[in-house]
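Novice: All I have is the shape, not the residue letters:
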């Protein structure tokens with residue numbers, strides 16, 4: 001395998017997630033490709049490892065965003081950070097192959113043009129028609145939580161970034177005013193949580209407010225040979241959860257129901273709504289789990305083997321935690337000695353609350 005092919009994945013990630021430093025990024029990736037081509041026939045292990053390290057360091061700064069949106073893509077501080085990473089990495093490439101005398105000027109010109117392009121894009125968003133802005137928001141929503149405190153974190157010499165940040169805040173404010181006035185439609189951002197795989201990081205996704213839950217199922221990345229997932233919505237209702245102060249509980253959604261209608265009926269107005277998904281064709285229940293002060297939903301399948309009490313079944317899932325409390329979510333009664341089966345638990349509901357504590361390790365005494 002040639003070195004160019006070896007770095008293809010990392011360079012592709014840089015190109016895909018590089019939304020504001022396109023010219024500087026293009027100069028860097030072209031030079032990496034050129035150097036990799038030279039090293040292909042040299043068998044220089046030291047230089048090859050150095051090139052791999054440089055590319056990996058840059059690639060680590062271009063991870064896919066956990067929340068994608070218009071203001072996230074134009075974020076000035078992220079723009080400046082990534083630009084600095086690319087320029088410093090390009091300088092490190094001199095250790096492998098010296099650059100031309102004009103290289104520094106080339107990178108400075110690319111950086112200046114990237115800045116000018118970002119400023120032009122931000123100004124354009126303040127001037128385009130509401131219809132065109134609506135079309136853009138269908139692809140990239142705008143979060144309403146652009147933090148004005150960012151301005152106070154910028155140093156005086158970063159006046160260019162202050163100007164950009166102010167423009168981005170103006171864009172966010174314009175969108176908010178148009179949405180509140182009903183001139184453009186508010187977009188939905190959902191946080192997708194794997195209730196069946198809690199170790200997986202949650203993902204943010206923009207969806208059409210006119211979708212049904214079934215249409216959302218088809219839009220999700222599907223594991224190989226998996227059926228469509230089941231969608232759960234995180235809600236707050238003290239009548240369904242009398243155990244915790246949050247009143248949080250999870251409810252499975254009908255694939256035929258419109259997402260907009262359900263959110264409106266339930267009075268859910270958050271900018272980002274938590275959706276849980278479960279990839280499972282079998283019977284299961286969702287349990288509200290509290291661990292270290294944080295609440296989360298998690299699904300547990302019914303076992304077809306030997307019947308188990310709820311305390312035994314749930315403790316088997318947490319080797320490094322102690323199950324200290326299991327309650328019925330709706331009335332707060334103890335459920336630890338009930339059976340974990342369909343005789344007590346209704347499939348695809350959220351009937352239980354589970355509280356975990358760290359396992360206390362025995363203290364060893366030194367021999368005197």
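Specialist: Okay, I see it. Predicted model only: the values in this text are computed from it and were never measured. Numbers count the residues shown, from 1 in each chain.
Novice: Buried ones in stretch 350-363, by neighbour count?
Specialist: If you call a residue buried by 16 or more other CB atoms under 10 Å, then stretch 350-363 has these buried ones: 350-356. Just so you know, the C-beta spots here come from the backbone N, C-alpha and C atoms, and that holds for glycine as well.
Novice: which one of those residues sits closest to residue 290?
Specialist: residue 355 (4.8 Å; CB to CB).
Novice: Outside of the helix or strand where that closest one lies itself, list whatever touches it.
Specialist: Using DSSP states H and E, residue 355 maps to strand 352-358. Outside strand 352-358, the residues that touch it by CB atoms under 8 Å, 6 or more residues apart in numbering are 241, 243-244, 285, 287-292, 310, 314, 318, 320-329, 335, 345.
Novice: what secondary structure does residue 314 sit in?
Specialist: helix (DSSP: H, G, I helix; E, B strand; the rest coil).
Novice: Please report the distance of it from residue 355.
Specialist: According to CB to CB, to the nearest Å, residue 314 and residue 355 sit 11 Å apart.
Novice: One more: residue 54?
Specialist: 48 Å.
Novice: so how far does stretch 275-293 reach from one end to the other?
Specialist: 21 Å (CA to CA, to the nearest Å).
Novice: Buried ones in that stretch, by neighbour count?
Specialist: Buried-residue list, stretch 275-293, by 16+ other CB under 10 Å: 275-280, 284-291.
Novice: Centre of the chain to it, how far?
Specialist: Stretch 275-293 has its C-alpha centroid displaced from the chain centroid by 19 Å (CA atoms, centre = their mean, to the nearest Å).
Novice: could you give the mean pLDDT of it?
Specialist: Confidence for stretch 275-293, expressed as mean pLDDT, is 92.
Novice: among the buried residues of stretch 275-293, which two are most distant?
Specialist: So for these, where distance means CB to CB, the most widely separated pair is 279 and 290, at 24.2 Å.
Novice: just the helices in the chain please.
Specialist: 3-6, 8-17, 22-39, 45-60, 70-73, 76-92, 103-127, 130-139, 150-153, 159-180, 213-219, 259-265, 310-315 (DSSP state H).
Novice: next one: the fourth one to chain centre, how far?
Specialist: The offset between the C-alpha centroid of helix 45-60 and the centroid of the whole chain comes to 27 Å, using CA atoms, centre = their mean.
Novice: What mean pLDDT does that helix get?
Specialist: 90.
Novice: ok now do the residue nearest to residue 309 when sequence neighbours are not counted, which residues does it touch?
Specialist: With CB to CB, 6 or more residues apart in numbering as the criterion, residue 309 has its nearest non-adjacent residue at 5.6 Å, and that residue is residue 337. Going by CB under 8 Å, 6+ apart, residue 337 touches 309-311.
Novice: circling back to that earlier point, shared neighbours of residue 314 and residue 355, which are they?
Specialist: What both residue 314 and residue 355 touch, as defined by CB under 8 Å, 6+ apart, is the set 323, 326.
Novice: what separates residue 62 from residue 314, distance-wise?
Specialist: Note on residue 62: its distance to residue 314, by CB to CB, is 40 Å.
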